[in-house]
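Trainee: Okay, structure incoming, though there's no sequence with it:
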């Protein structure tokens, strides 16, 4: 059975290895070299690197028996493209959903732009745990107040530089992070606000919540887009059933 997985997440990596161990011929498509590095090598798995257009996705899907979309829950446009490509290629599509986190007392906003607007007139340093793509949304806030935590890659550093972030403010580290480390960073940089997304357990979300509570920092949570899909266990079950029939 040939399975295409659009990944770059912890769930995608776990799924690819599990299905390969069960005998599937798995191809994993990741957007960046960092994603490729995290995916690693394993028997039965082919890794393709680079962002793909819908047309390129359709071509890659040729001959596949199933496609699993295991991209990040906030990668809305990518999910739209994968779903469309599967429709055009005639390949069954499964959306693997990451579990949502429990409710918190964080200030919930619909976007990074909304978070920036809310913080623009408030005093205090801001820890941005939202990734480099959200940096332009905070252009109206003094870069001296911003402490973006981004992946330790050239692209991430370059994005911070384009945003005018002082180098001393750039926190280039690979997560997920423990509660203790979150607290240490908050205290080190005198943080008053933490802006984050609901990355679930895999993204260390609860550790951020605990650190914010322990340090008295106000958390702003960018709501996760609403979507439908299946749990990890459901996707695995579907794949196993298909493998028995092929």
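Mentor: That came in fine, so what should we check first? Fair warning: this is a prediction, and the values are worked out from it, not measured in the lab.
Trainee: Can you report phi and psi for residue 193?
Mentor: phi -130, psi 140 (degrees, to the nearest 10).
Trainee: Can you give me the pLDDT of the closest residue to it other than its chain neighbours?
Mentor: With sequence-adjacent residues excluded and distances taken as C-beta to C-beta, 6 or more residues apart in numbering, residue 193 is closest to residue 126, at 4.7 Å. No exception for glycine: its C-beta is placed from N, CA and C like everyone else's. We note a pLDDT of 98 for residue 126 in this prediction.
Trainee: Could you confirm residue 82 falls within a strand?
Mentor: No. Going by DSSP: H, G, I helix; E, B strand; the rest coil, the assignment for residue 82 is helix, not a strand.
Trainee: I'd say it and residue 57 touch.
Mentor: Yes. Residue 82 is within contact range of residue 57, at 6.4 Å (criterion: C-beta atoms under 8 Å).
Trainee: that older thread, which secondary structure element contains the residue nearest to residue 193?
Mentor: Assigned by DSSP states H and E, residue 126 belongs to strand 125-129.
Trainee: Figure out how far that strand is from the centre of its chain.
Mentor: 18 Å (C-alpha atoms, centre = their mean, to the nearest Å).
Trainee: That one: partners in the sheet, and parallel or antiparallel?
Mentor: Take DSSP bridges as the rule and strand 125-129 pairs in its sheet with strand 146-150 (parallel), strand 191-197 (parallel).
Trainee: And for the longest one, what's in contact with it?
Mentor: Spelled out, that is strand 191-197. 74, 112, 115, 119, 122-131, 147, 185-186, 203, 205, 208, 211-212, 215, 217-222, 224 (C-beta atoms under 8 Å, 6 or more residues apart in numbering).
Trainee: Could you do the first one as well?
Mentor: Counting by C-beta under 8 Å, 6+ apart, strand 146-150 makes contact with 125-132, 135, 138, 156-157, 159-160, 163, 165, 169-173, 175, 185, 189, 191, all of which sit outside it.
Trainee: Quick check on those: which are buried?
Mentor: 125-132, 135, 138, 156-157, 159-160, 163, 165, 169-171, 175, 185, 191 (16 or more other C-beta atoms under 10 Å).
Trainee: who's in contact with the residue nearest to residue 193?
Mentor: Taking C-beta under 8 Å, 6+ apart, one finds 119, 138, 141, 145, 146, 147, 191, 192, 193, 194, 195 in contact with residue 126.
Trainee: again, only this time at 10 Å
Mentor: Counting by C-beta atoms under 10 Å, 6 or more residues apart in numbering, residue 126 touches 115-116, 119, 138, 141-142, 145-148, 169, 189, 191-195, 217-218, 220.
Trainee: Residue 131 now?
Mentor: Contacts of residue 131 by C-beta under 10 Å, 6+ apart are 72, 74, 112, 148, 149, 150, 151, 156, 159, 196, 197, 199.
Trainee: Check the burial of the nearest residue to the second one once chain neighbours are set aside by counting its neighbours.
Mentor: Nearest in space to residue 74, with sequence neighbours left out and distances taken as C-beta to C-beta, 6+ apart, is residue 197 at 5.7 Å. Neighbouring residues of residue 197 were enumerated by other C-beta atoms under 10 Å; the total is 20.
Trainee: secondary structure element for residue 55?
Mentor: Per DSSP H and E: helix 54-61 holds residue 55.
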